[in-house]
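> Coordinates for the following, if possible.
(one chain, ligands or ions: 1)
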Amino acid sequence: MQNKQMISTQGLSLQFGGLQALQQISLQVPAGEFRGLIGPNGAGKTTLINCLSGAIKPSSGSIIFDNIDVSSMPPHLISHLGMSRSFQHVQLFGNRNVRDNILIGMHRQIKQSIAGQILGLPTSRRAEREAGVIADELLTRFDLHDVAHLSARQLPYGVLKRLDLARALSARPKLLLLDEPTSGMSEQEATDSIALLKELARKDGMTLIVIEHNMRIMMNLADRITVLHLGRIIAEGSPQEVTRDPAAIEAYLGEESTDA
Ligand SMILES: Nc1ncnc2c1ncn2[C@@H]1O[C@H](COP(=O)(O)OP(=O)(O)OP(=O)(O)O)[C@@H](O)[C@H]1O
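Sure thing, here's the model as predicted:
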């Protein structure tokens, strides 16, 4: 049986002045899938993620997330429904330490526990303890234990990106949107981080949409890949299908494969 769709768009379009940034995007991502989003610079990848997360409203078209029409919902409500995202340029609390940054990422659980504490509920203390355990687990898995006490602004960029991934996962969203999560990492660090991301997401049944320029990582780890060019979907399929697709090769993979 086919998985249910975690997110789907119908005829999503967006103009920036005279520029057609997204044109009639119809995307379906089933629950639990790791979907790669690739395409040349300016293809519309970040704009698409901005639309899905509610940061930018489309000019037309609809977005259904987990069976709910979120097309005109503000980002914080979409986030409450279980969609989380990272940004191309890391957005963390620079003056808070690494562990706190992960705990802040779990605000939904923690908020519940603070409300519970005021009411003296034992379940809230348990929720807080559990949040601490999850944070420590993520620190270990992302090799951040040694820097857990440092403030985020003291970290080199590659380590910050790892923290950003750990933070994004800690919220345990149903759908996680990641915009170039491995930029600034070494090849090995990037491969390990995305493999770990996939493992942890799979354990939680999380759906991933990941913009990633590193084609080796995409080929090895994505279940399916969507190729954007000039605001349109020009190819879609398994990594093997996409690498054989003439439109994808012409727009993007031709130039990438010469780098490999
Ligand atoms: N806020 C904005 N105002 C006007 N034009 C924009 C805005 N944001 C993006 N664009 C334009 O929309 C198009 C798509 O940009 P977008 O950032 O989504 O591409 P991308 O595929 O993510 O590219 P990259 O790989 O370089 O990040 C580009 O031509 C870009 O210049």
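
> all strands for the stretch 101-250 of the chain, in order.
Using DSSP state E, counting those that start in this stretch, the strands of the stretch 101-250 of the chain run over 175-179, 207-211, 224-229, 232-237.

> any chance of those in CSV, plus mean neighbour count?
For every residue, glycine as well, the C-beta is placed using N, CA and C. Below are the strands of the stretch 101-250 of the chain laid out as CSV (neighbours: other CB atoms under 10 Å):
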stretch, mean neighbour count
strand 175-179, 23
strand 207-211, 26
strand 224-229, 23
strand 232-237, 19
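
> Need those in a markdown table (columns: mean pLDDT and distance to the ligand).
Compiled in a markdown table, the strands of the stretch 101-250 of the chain are given as follows (pLDDT from 0 to 100; distance: least, CB to the nearest ligand atom, whole Å):
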| stretch | mean pLDDT | distance to the ligand |
| --- | --- | --- |
| strand 175-179 | 95 | 8 |
| strand 207-211 | 97 | 7 |
| strand 224-229 | 97 | 6 |
| strand 232-237 | 97 | 12 |
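
> Need the contact partners of stretch 190-203.
The contact list for stretch 190-203, computed with CB atoms under 8 Å, 6 or more residues apart in numbering, reads 32, 34, 141-142, 161-162, 165, 169, 176, 178, 181-182, 185, 206-208, 210, 212, 214, 216-217, 220-221.

> If we use 10 Å, what do you get?
32-34, 137-138, 141-143, 158, 161-162, 165-166, 168-169, 172-173, 176, 178, 181-186, 206-208, 210, 212, 214, 216-218, 220-223 (CB atoms under 10 Å, 6 or more residues apart in numbering).

> just the buried members of these?
Buried residues within the contacts of stretch 190-203, counting neighbours by 16 or more other CB atoms under 10 Å: 32-34, 138, 141-142, 161-162, 165-166, 168-169, 172-173, 176, 178, 181-185, 206-208, 210, 212, 214, 217-218, 221-222.

> For the stretch 51-200 of the chain, give me the ranges with low pLDDT.
Under the criterion pLDDT under 70, the flagged ranges of the stretch 51-200 of the chain are 88, 90, 107-124.

> If we use 90, what do you get?
In the predicted model, the stretch 51-200 of the chain carries pLDDT under 90 at residues 85-96, 103-134, 152, 156-161, 164, 167-172, 182-187, 189.

> what ranges do the helices span in it?
75-80, 98-105, 107-118, 122-141, 157-170, 187-204 (DSSP state H, counting those that start in this stretch).

> Rebuild those as CSV, extending it with distance to Leu228.
Shown next, in CSV, are those (distance: least, CB to CB, whole Å):
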stretch, distance to Leu228
helix 75-80, 21
helix 98-105, 28
helix 107-118, 31
helix 122-141, 31
helix 157-170, 22
helix 187-204, 20
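
> a markdown table for these, including distance to the ligand?
A markdown table is the format used below for the helices of the stretch 51-200 of the chain (distance: least, CB to the nearest ligand atom, whole Å):
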| stretch | distance to the ligand |
| --- | --- |
| helix 75-80 | 15 |
| helix 98-105 | 23 |
| helix 107-118 | 27 |
| helix 122-141 | 27 |
| helix 157-170 | 15 |
| helix 187-204 | 16 |
